[in-house]
Structure formats: structure tokens, C-alpha cells
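J.: below is the structure, and that's it, no one-letter string:
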């Protein structure tokens, strides 16, 4: 009986330690970037002119909002100016995924004042994301090729509507 209890305690402690380490490694909070006209002119394939990302503590959930730019495949798809959003969770310290097989992003750089995310496919929608009837776009400039977004840390209140 004591052996089983001892092993159980060890297993529970190990799981809690891994969970705590993972939670500390995932940056939580609000990250935003509104791109300047000059930046957009230098990046003609970029499909967003504003990105806001909120990550819950431990990566239990995230929400991302993108205002689609009047360029790249966003313009070609008739989505320019639309606010599109998506939600998901972060199963590891560096990977976050969208519900219903909508792709995801990797956290490639974490600093005290910013994070950089990379995506090859990240679905955002203008409507119910898993319904199949929403307007859909991809935050990757070219599907299958990495697109980087550097987002600056902001007070959580800035991402209030995403939480």
C-alpha cells in the first residue's frame, strides 16, 4: 500500500512540475502590432495591417484578431478592411493551434516587450469558425511558407474584447 501511494505521489509531482514549467514558458498576456504605411509598402504580400493576440496564462486558450489589409491575398479575396478572428490553445510552450484543424503558429522569439510568431497556415474567420459557412482567410502570406509577425506587449485591457 505504501509503495503504491509513493509511486502515485511521485507521478503526480512529476506531472505538476512539467505543467508548471510549461505554464511558465508560454508567454501570456496581450500582444499587438499595427503596421505603418511604410512597413506595408515594403511588404506587399502582407495580409494584415493590425494583429492582436491574447494568450491566457499557461496557454490554456488564445484569441487572435486580424484586420485584413488592402493588399496581398486579402485584397484579392475581397477581405480588405475586415476584422477576422480565431481561437485555440497552446499544447506546448512554443506551439499554439486553432480549433477545427485551422492551423496554428509557433512562438519563435520571446522578449520582455514582444513576441514573434511564425505561421505556415493560420485560419482566421469572419463568423463562426467551425461552421463551414464563415468567410475565411489565412494569415500566412503564401500558404505553406513561413510568415513572421512581431507583436508588442500591451496592457491586458487592450485585448479586453479578445479575453
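T.: Ah, there it is. Keep in mind that what you see is a predicted model, and the values were worked out from it rather than measured.
J.: now do the buried residues in the biggest strand by length in the chain.
T.: Secondary structure assigned by DSSP state E gives strand 114-126 as the longest strand of the chain. Using 16 or more other CB atoms under 10 Å as the test for burial, strand 114-126 gives 115, 116, 117, 118, 119, 120, 121, 122, 123, 124, 125. Heads up, the C-betas are built off the backbone N, CA and C, glycines and all.
J.: OK, contacts around the second one?
T.: When contacts are counted by CB atoms under 8 Å, 6 or more residues apart in numbering, residue 116 touches 107, 108, 109, 148, 149, 150, 151.
J.: and it, how far from residue 62?
T.: Distance of residue 116 to residue 62, computed by CB to CB, to the nearest Å: 15 Å.
J.: how about the last one?
T.: Look at residue 125 and residue 62: by CB to CB, they are 15 Å apart.
J.: the fifth one now?
T.: When distances are taken as CB to CB, residue 119 and residue 62 turn out to be 13 Å apart.
J.: need phi/psi at residue 156.
T.: Backbone torsions of residue 156, given as degrees, to the nearest 10, read phi -50, psi -30.
J.: which one is residue 100 nearest to, not counting chain neighbours?
T.: residue 130 (4.0 Å; CB to CB, 6 or more residues apart in numbering).
J.: wait, is the one you found part of a helix?
T.: No - under DSSP: H, G, I helix; E, B strand; the rest coil, residue 130 sits outside any helix and is assigned coil.
J.: right, and it touches residue 98 too?
T.: No - counting by CB atoms under 8 Å, residue 130 does not reach residue 98; the two are 9.7 Å apart.
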